[in-house]
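*Asks:* need a structure here:
(2 chains)
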There are 2 protein chains.
Amino acid sequence: MGSPSPADQVSRRAQALAGHLRGLHTSMEPSLSPSPCLQYSPPELASPPSDFNLSDMRKLMDGHNLQDRDWLFGLMIQSKLFNPRVAGGRVFVSPDYNQSMEQQREMTMKRIHYLLDCGVFQEWLTGRGPEVEMRKFALHEVIGMYDHSLAVKLGVHYFLWGGAIQFFGTKRHHDKWLRDSENYVIKGCFAMTELGHGSNVRGIETVTTYDSKTGEFVINSPCESAQKYWIGGAANHATHTIVFSQLNINGKSEGVHAFIAQIRDTDGNICPNVRVADCGHKIGLNGVDNGRIWFDNVRIPRENLLNSVADVSPDGQYLSAIKDPDQRFAAFLAPLTSGRVTIATSAVYSSKMSLAIAIRYSLTRRAFSITPNQPEVLLLDYPSHQRRLLPLLAKTYAMSFAANYLKMIYVKRTPESNKTIHVVSSAFKAILTWHNMRTLQECREACGGQGLKTENRIGQMKGEYDVQSTFEGDNNVLMQQVSKALLAEYIAVQKRNRPFKGLGLEHMNKSCPVVPSQLTSSTLRSSQFQTDIFCLRERDLLIRFAAEMSQLQAQGLSREYALLQSYQLAEDLGRAFSDRAILQTFLDAEAAVSSGPLKSMLSLLRSMHVLIILEEDASFLRYGYLSPDNAAGIRKEVTILCSELRPHALALVSSFGIPDAFLSPIAFNWIDANSWSSVQPQQGATVPLQI
Amino acid sequence: MGSPSPADQVSRRAQALAGHLRGLHTSMEPSLSPSPCLQYSPPELASPPSDFNLSDMRKLMDGHNLQDRDWLFGLMIQSKLFNPRVAGGRVFVSPDYNQSMEQQREMTMKRIHYLLDCGVFQEWLTGRGPEVEMRKFALHEVIGMYDHSLAVKLGVHYFLWGGAIQFFGTKRHHDKWLRDSENYVIKGCFAMTELGHGSNVRGIETVTTYDSKTGEFVINSPCESAQKYWIGGAANHATHTIVFSQLNINGKSEGVHAFIAQIRDTDGNICPNVRVADCGHKIGLNGVDNGRIWFDNVRIPRENLLNSVADVSPDGQYLSAIKDPDQRFAAFLAPLTSGRVTIATSAVYSSKMSLAIAIRYSLTRRAFSITPNQPEVLLLDYPSHQRRLLPLLAKTYAMSFAANYLKMIYVKRTPESNKTIHVVSSAFKAILTWHNMRTLQECREACGGQGLKTENRIGQMKGEYDVQSTFEGDNNVLMQQVSKALLAEYIAVQKRNRPFKGLGLEHMNKSCPVVPSQLTSSTLRSSQFQTDIFCLRERDLLIRFAAEMSQLQAQGLSREYALLQSYQLAEDLGRAFSDRAILQTFLDAEAAVSSGPLKSMLSLLRSMHVLIILEEDASFLRYGYLSPDNAAGIRKEVTILCSELRPHALALVSSFGIPDAFLSPIAFNWIDANSWSSVQPQQGATVPLQI
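*Replies:* Numbers count the residues shown, from 1 in each chain, chains lettered A, B, ... in the order given. So this is what the prediction gives:
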C-alpha cells in the first residue's frame, strides 16, 4: 500500500530517478518513428534534494493524528467503493463526477456505510475530550480530501445533528440519541435555514406551540417562505432532524429554539404531516441530498425540546435561566462554531491538494524554447509561473498553522474563551476559504487545459468548495462581524480606561510601532518588522474605524446604520486582524522548532507569506503604511523569494503527506497516462496496481 | 411569445405592479396559518421608473442584428429540445446539467440540427462581407447565452474548421468544402493542439511528408506527446479535421502547415490508420466531445494542403511566396483571431446574464432588520451589496462597447489593420474574460446559496466559462504579448524618430498629461481627467518597461530572458493599454448619442467604470499616479456613484434585452417557484406556458 508518509516519498524520489535512468518512462510504441519526441521526466529530476526533513515538516503541518490519517487514507485506497482507476500505471481514487446527482448520492451513502463498518466514526458522538475531538477533525479532514460531499454529508450528521444534541441537549437527549446516531442507525439532519431566511436565523418563520393537554409541541410551517431549505440529508436519507423554530408559549414569542422531530420511518417513508422536496442539482456537492421540509402540525413529545438553555414545563410554563432573549439566542449558536472550524481546515487541505498537483505538473511540463534549439523551459522555471504558485504555497503553510491553532483553541474551549473562538473562527473561516478559492483558480489556470479535466481534480474542487464562501456566513459579512467585535473591545477599553486584553490586541497597549522608511532585504525578512507592520495596520484601522463610527453616529445615524456605511473600513480591519493573528500562529509554530534547515525553511515561507500580503493588499499603500518606494522594494524581494523557494517546491508539497492516489494523473507521468495503450480497457485492467 | 425587447419589459413592469396590487403574488396555502409572512414583491416595486429609453439602450448594447437575435431567442424558447421547465408559473430554458457527459453531447447535436433546420446557419460559410459576419456573431452570441457548449461546438465547426478553409484554403477548397460544411453534412474539427504542445503551436510534433509517387501527403503522430488533444468534435461526431503538422519536404522541415484529413466515414466509423480517444469529463462544456487523435501514416491527396500561404508541387517541390518561416507561421495564425473575438463577446453576454439575475434577486430578497420591528432590508439597499454589484454592472457596459468595437474592426479588417486586431483582440479577450469570471463569482456569492443551484445559472456558468481564461492563450501571457507589441512600437518610434501612429498610442506624441493633485467630484467624473490618468499610466509604464528591458539587456540578458524577467511591468502595462483602449470605445459610443437621459446615464456608468479601476488597481498608488488622499476621495466618490446607480439598476439590466426565459427562477417570484405546489409534477405541467 502506498503510504503517504514523506519517508516513502523520499523513496519515491529514488525510484523515479532509477526508473528514469533505465528508460522506463519512454512511452513510444515500436511502430512509431524513433525521432526525438517529448519524454516525461519526473519532478524529482527538476528538484535538488531538500535539506529539511519531510517527515518532520509533515508532522508540523498535519499537527496531530498522523497514524489515524494514514490508516484512513489506506482504507479508502483499498476499497472498490472509492472508484479506483489506473492511469499511467498508477491507481487514483476520486468520485465519478460524471454520475448523476442521484448516483452520486447513492455512492456517498455506500462510502459512509463502509467507513462506519471500518470503525472510522467510533467515539465521534459518545466520546468526549480534546483527544477524541482532534481525532474526529483529522479523520474528517482526510475524508474531505477524497470528496467534499462525503465530508459535508458526514459533517451534517455528526457535527450539526450530533453537535446540537450534545450541546443544546441534556442527559435525556444524550442517553437516547447519541449512540444510535454514532452508529448511523439514526440519520440526522439540521433544519435551521429557511427559504426566506438564511443568515438571519432570528427571522425564521417556523412556529412551534405547546399543547399542555397532550404534553406535545406542535410544529408548523406557516407559509412557503418558512419551508426549511438547503437541509443536507433531508431529500433522501435523514430519519430525524433538529428543527429551529420560533417558540410561542401562551401567545408570547420566546424566540428561536431547537427541537428534535422524526421525518422518516425506518423504512424510509416520510412521516405524516411532513412534506419533503429536493433542492435539486447544484454546481458541486451533488453527493449531498439537500432538501426542503414543510411541517403541518407535526406533534413531538415535550422531551424533544433541546433544553440546555430553556425548557417548558409539562403544564406549559416557559423556564429559562437566561432572561434576555438575545443572550438565549447567542447561547444557541455558540456551539455551532465547530462548523466554521471544519470549513476552515478543509479549505487548507483543498489548497494543499491543488498545489501538490499544479506544482508537480509545473516541474514536468515545458513550454516554449527561450534559446533557439534548446529544450523548452519548465513551467516552474518561468518567473511569472513561480510568482503565481509559490506565494500561494507559502500562504498555505501559514493557513495550516492558523487552522491548527483554531482547532486547538476549539477543543480546549472554556466559557471564557467563547468570544475569542467566535471571532477567530469567523476571521479564519473567511480568510482560509478565500485563500482556497483563489488557490484553486490559480492552480487550475496554471495547469492550462489539464486543469479543466475532472480527473485532475483541481477544477472540479472549484465547484465542490465554492459553497465555503457563503455557508456558515458570507465571508464579507464575517469580516464586518469581526470588526464589530474589535470595536466593542476598543470602546470598552476607552470607557473603562483599562488595557486591552484578549483577541491578541495587547499590542495596542504599547506605543505604536515605528516602521523604518528604508526597507532592506533583512528588515523585510525579520519577524520584528513583519509583526510591527501588521500591528501598525490593525491599530490604525481600528482607530480609524472607531472614529468613523463615532462621527457617523454624531451625525445622527443609529449604530446599525453607521456600521452599514462603514463596511469598507470594517472589511479592511477584519483582514488586518486576521493577518496579524495568522502571522502569530506561524511565529508560534516556528518558535517550537529547534534551529536547523527546517526552521530556516519556515522562516523563508513566513517571509514570503507576509511580503505577498504587503504586495497584494492595497491597504498598505492606501492608508500610507508603505510608500511607493517600499512597495517597489517588496516586489523585488518577492521575486527573490520565489527563486529561493523554487528548488524546494517539490519537497514543500511532498511534506503535505498526501498519498499519490489522492493526487491526479498530471501529477505523475501524464504522457503514459494519456497513451493509446491506456485507452484500451483490457490493457488498462492488466496494469499491476501500485497500492 | 415573450419578446425580449425593452418595450415588453416596460409592460412587464406594468403587469408586475398590477399583479402585486391584486394580491396575486401571495403563495400561502389556505391550510396554513394567516400570520404575516414573507411575500414576494417584484423588483419593479423597488425601482422607480427610469428616465432613459430602454429600447434605445439595448440598441447601443447589442449594437447590431437585434431582430435576428430576438428571432433566435424565440426559436429556442419554442422548442422542447431546449429543455423548457416551468417554475413559479414561468418557462425557463437551459440545458439539463444533471445529464451525463454522453447525454449532454447528444442533446447538443440535436439542438444543432434543429437550428440548422430553422436556417440559423445560412450563409455562415458561403456568405461573405461585414453584414454576414455581424449576423453570424449576433446569432452565435445568442446561442452562447443558452449554453456555452452549444456555442463552442458550433464555433469549432463554423469558425475554426470553416474559417481555416476560408482563410488558409484557396478556391479549390472553398468550392469543395464550404457548402457541405455550412449544411453540416460535413462536420469539421480543428486539430492544432497536442498533448505535449498547447500554446506553443510551433513546437507540435505531428509530421507530414509528401509521396510524389502517389501524389499524397502522409501524416504521422511520431510519439504519444504528438497526439492531437482537446479537439472539439473529435471524440464523437466530426467527419473531417484540419490537421496542423510540421511539413517535411525532402528531409527539410518547412514548419507548421494545415491539411484536411477525413477521420470518420458517413456512417461514423473511424477511418483506417486513424485512432481516436475521448478527453473525458470536464468541469464544464460537457456538451462538447473533446477528443484525441493519432495518425498512423494517414494518406491524403496533395490538394488537401491548405495552400493560401505555401504549396507543394505534384513532383514534390515546396513553393511559398513567403520565404521567412516565422512570417509564414504568423500568416497561418492571423485569421484565427476570430476565436478571440467570439470569446471576448461571449464573456460579456455571460456577465450580463449573471448580473441580470443577481440584481433582480437583490431587489426582492431581504435580510436583517436594521431598525427594530421594521421590515428587513433589501439586499441592494445595503451599501456593501451595491459596492459588490453596481461597479460590475457599469464595467459590463464598458465591456459591451469594447466587444462591439472589436467585432467592428474585425469584420472591416484589412491587411494593414491586422496588427491592431491582433493586439486589441489579445488585450480585450483577457480583460473581458477576467471581468466575466469575477462577475460570475461575485454574482454567485451575492445570491448566497441560491447562486449554487444549477437552475439559477450563475454558478453553473462559472464552470462552463472557466475555459476562457486559458484557451486561445493564457490571459497573463496575452497581457505580456500586448506589451511586447507596444514595446516594439516604442523602439521603432525611437529609432526612426517618427511620431506614434496606431494602437491608440498617438497620445504619446503630446506632452504628458497633468493630473490635478486635488480631485473634486466633478474632476473625477470628467472624461478629460479619466482619459488623462489612463494615458498617463500607459505612457509611464511603457517608458518604464522599455527602460527595464534595456537595462536587463545591457546586463547581458537576451531579449527573451529580459522579457521573462519583466513580466510584472509587462502585465501592468497590458492592463494600462486595455483600460485606455476600452475607455476610448466607451467615449466613442457616448459621443454618438445626443444629449438627454440616455447620455447622462452613460456618463454615470463611464465614471463608475473608471473610478472603480482607479480604486481597485493598485498600480495607481504603486507607481504614484494617485496619492493616498486621492485614493480616499475616489473611494468616497464610488460610494456616491453606487447610490446614484441604485435606482437605475433594474432598468440597466433590463436594457440587456435578455428574455425572461433565459434568466432563472430567482430573478422572478422565487417564493412561488419554490412552493409546494411547484413540487407536484402534475400541477407543474398544467401551469399555462407564458411564451
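
*Asks:* drop to CA atoms for contacts and neighbour counts, all remaining ones
*Replies:* OK.

*Asks:* now stretch A:232-244: buried residues?
*Replies:* Going by neighbour count (16 or more other CA atoms under 10 Å in any protein chain shown), the buried part of stretch A:232-244 is A:232-244.

*Asks:* dump the residue contacts of A:S517.
*Replies:* A:N630 (CA atoms under 8 Å, 6 or more residues apart in numbering or on different chains).

*Asks:* follow-up on the earlier one: possible to save the buried residues of stretch A:232-244 as JSON lines with distance to chain B?
*Replies:* Shown next, in JSON lines, are the buried residues of stretch A:232-244 (distance: CA to the nearest CA, whole Å):
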{"residue": "A:G232", "distance to chain B": "13"}
{"residue": "A:G233", "distance to chain B": "16"}
{"residue": "A:A234", "distance to chain B": "15"}
{"residue": "A:A235", "distance to chain B": "13"}
{"residue": "A:N236", "distance to chain B": "15"}
{"residue": "A:H237", "distance to chain B": "18"}
{"residue": "A:A238", "distance to chain B": "19"}
{"residue": "A:T239", "distance to chain B": "21"}
{"residue": "A:H240", "distance to chain B": "21"}
{"residue": "A:T241", "distance to chain B": "20"}
{"residue": "A:I242", "distance to chain B": "20"}
{"residue": "A:V243", "distance to chain B": "18"}
{"residue": "A:F244", "distance to chain B": "17"}
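
*Asks:* near chain B, which residues of the stretch 301-450 of chain A show up?
*Replies:* Residues of the stretch 301-450 of chain A lying near chain B by CA under 8 Å from any CA of the partner chain: A:367-368, A:370-371, A:382-384, A:445, A:448-449.

*Asks:* hang on, I meant the stretch 151-300 of chain A
*Replies:* Contact residues (CA under 8 Å from any CA) of the stretch 151-300 of chain A with chain B: A:195-197, A:199-200, A:203, A:205, A:221-225, A:277, A:279-284, A:296.

*Asks:* out of the residues you listed, name the ones that lie in strands.
*Replies:* A:A277 (DSSP state E).

*Asks:* just the buried residues of the residues of the stretch 151-300 of chain A next to chain B.
*Replies:* Neighbour counting with 16+ other CA under 10 Å marks A:195-197, A:199-200, A:203, A:205, A:221-225, A:277, A:279-284, A:296 as buried within these.

*Asks:* contact partners for the closest residue to A:D466 other than its chain neighbours?
*Replies:* Once flanking residues are discounted, A:D466 sits nearest to A:M437: 7.0 Å by CA to CA, 6 or more residues apart in numbering or on different chains. Applying CA under 8 Å, 6+ apart to A:M437 gives the contacts A:462, A:465-466.

*Asks:* now for A:G463: which residues touch it?
*Replies:* A:283-285, B:463.

*Asks:* continuing past whatever helix or strand it lives in, what's the next helix or strand?
*Replies:* Per DSSP states H and E, A:G463 falls inside helix A:458-465. Toward the C-terminal end, the helix or strand that comes next after helix A:458-465 (DSSP H and E) is helix A:475-496.

*Asks:* how distant is that following helix from the center of its chain?
*Replies:* 24 Å (CA atoms, centre = their mean, to the nearest Å).

*Asks:* just the buried residues of that helix, please?
*Replies:* By 16+ other CA under 10 Å, the buried positions in helix A:475-496 come out as A:475-487, A:489-490.

*Asks:* wasn't the residue nearest to A:D466 part of a helix?
*Replies:* Yes - assessed with DSSP: H, G, I helix; E, B strand; the rest coil, A:M437 lies in a helix.

*Asks:* gap between it and A:E464?
*Replies:* Per CA to CA, to the nearest Å, A:M437 is found 10 Å from A:E464.

*Asks:* also A:S627?
*Replies:* To A:E464, A:S627 is 40 Å away according to CA to CA.

*Asks:* which residues touch A:I260?
*Replies:* Contact analysis of A:I260 by CA under 8 Å, 6+ apart lists A:240-243, A:300, A:304-306.

*Asks:* ok, now which ones touch A:P48?
*Replies:* A:647-648.

*Asks:* helix or strand: which one has the spatially closest residue to A:A427 that is not a sequence neighbour?
*Replies:* Spatial nearest neighbour of A:A427, excluding adjacent residues (CA to CA, 6+ apart): A:S578 at 5.8 Å. Using DSSP H and E, A:S578 sits within helix A:567-591.

*Asks:* what's the next helix-or-strand element following that helix in contact with?
*Replies:* Next in sequence after helix A:567-591, counting helices and strands by DSSP H and E, comes helix A:597-616. Applying CA under 8 Å, 6+ apart, the contact partners of helix A:597-616 are A:51-53, A:57, A:391, A:394-395, A:397-398, A:524-527, A:530, A:583, A:586, A:590, A:593, A:620, A:631, A:634-635, A:637-638, A:641, A:645.
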